[in-house]
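> Sequence and predicted model, in that order:
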Amino acid sequence: IVNGEEAVPHSWPWQVSLQDYTGFHFCGGSLINENWVVTAAHCTIRTSDRVILGEHDRSSSAENIQTLAPGKVFRHPNYNSYTINNDITLIKLATPAQLGTRVSPVCVAETSDNFPGGLRCVTTGWGLTRYNAATTPPRLQQAALPLL
């Protein structure tokens, strides 16, 4: 998250870390209910990958995290890796997440909701903090951005 800051620990309880079998974080996602995660289609998910819930500091072994397996992966059938159109994937978890204060679903807007341009929205993740950064940050970052 470029120009962001460290998030208050566990303030974004729907934030998911997608990690390979070695524990390498390669993408984020959002828990939409106890059985489903939404992420980007450019994040190629394998059944050997792990879905980590309740995490803030990826370098800490002291956090009470949930490590779940992807059961089935549904990538948008019209995803185009060249144009990045339809860049969305749904992950059906092999076992349901245990919901609580540190793990809960994202708030989803109603179809009738209208959000004005310029409204400040928050994005979160463990992505690069500079375009030329060598590594991603261990602790969850956040940044406020205007809605376009």
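Happy to help now that I have it. Being a predicted model, the structure only gives us computed values, none of them experimental.
> which residues does the residue nearest to the spatial centre of the chain bridge with?
Residue closest to the average C-alpha location in the chain (Cα atoms, centre = their mean): Gly29, at 2.1 Å. Applying DSSP bridges to Gly29 gives these bridge partners: Val16.
> pretty sure it contacts Trp36?
No. Counting by Cβ atoms under 8 Å, Gly29 does not reach Trp36; the two are 9.8 Å apart. All C-beta atoms are positioned from the backbone trio N, CA, C, and that covers glycine.
> which residues do these two both contact?
Ile91 (Cβ atoms under 8 Å, 6 or more residues apart in numbering).
> Quick one: residues contacting Ala7.
56, 124, 139-142.
> just Pro116 next, same as before
Leu147.
> Repeat that for the one 5 residues further on.
Residues near Cys121 by Cβ under 8 Å, 6+ apart: 144-147.
> Buried residues in the host helix or strand of it, which are they?
Using DSSP states H and E, Cys121 maps to strand 120-125. Within strand 120-125, the residues scored as buried using 16 or more other Cβ atoms under 10 Å are 124-125.
> circling back: mind listing which of the contacts of Ala7 are in strands?
124, 141-142 (DSSP state E).
> In CSV: those, plus pLDDT and distance to Thr83.
Converted to CSV, the ones in strands among the contacts of Ala7 look like this (pLDDT from 0 to 100; distance: Cβ to Cβ, whole Å):
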residue, pLDDT, distance to Thr83
Thr124, 98, 26
Gln141, 98, 27
Gln142, 98, 28
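> what's the closest of those residues to Thr44?
Thr124 (21.4 Å; Cβ to Cβ).
> How about the contacts made by that closest one?
Contacts of Thr124 (Cβ under 8 Å, 6+ apart): 1, 7, 12, 15, 28, 140-142.
> Tell me who's in contact with Ser81.
For Ser81, counting by Cβ under 8 Å, 6+ apart, the contacting residues are His42.
> Now the phi/psi pair for it, please.
Phi and psi for Ser81, reported as degrees, to the nearest 10, are phi -70, psi -10.
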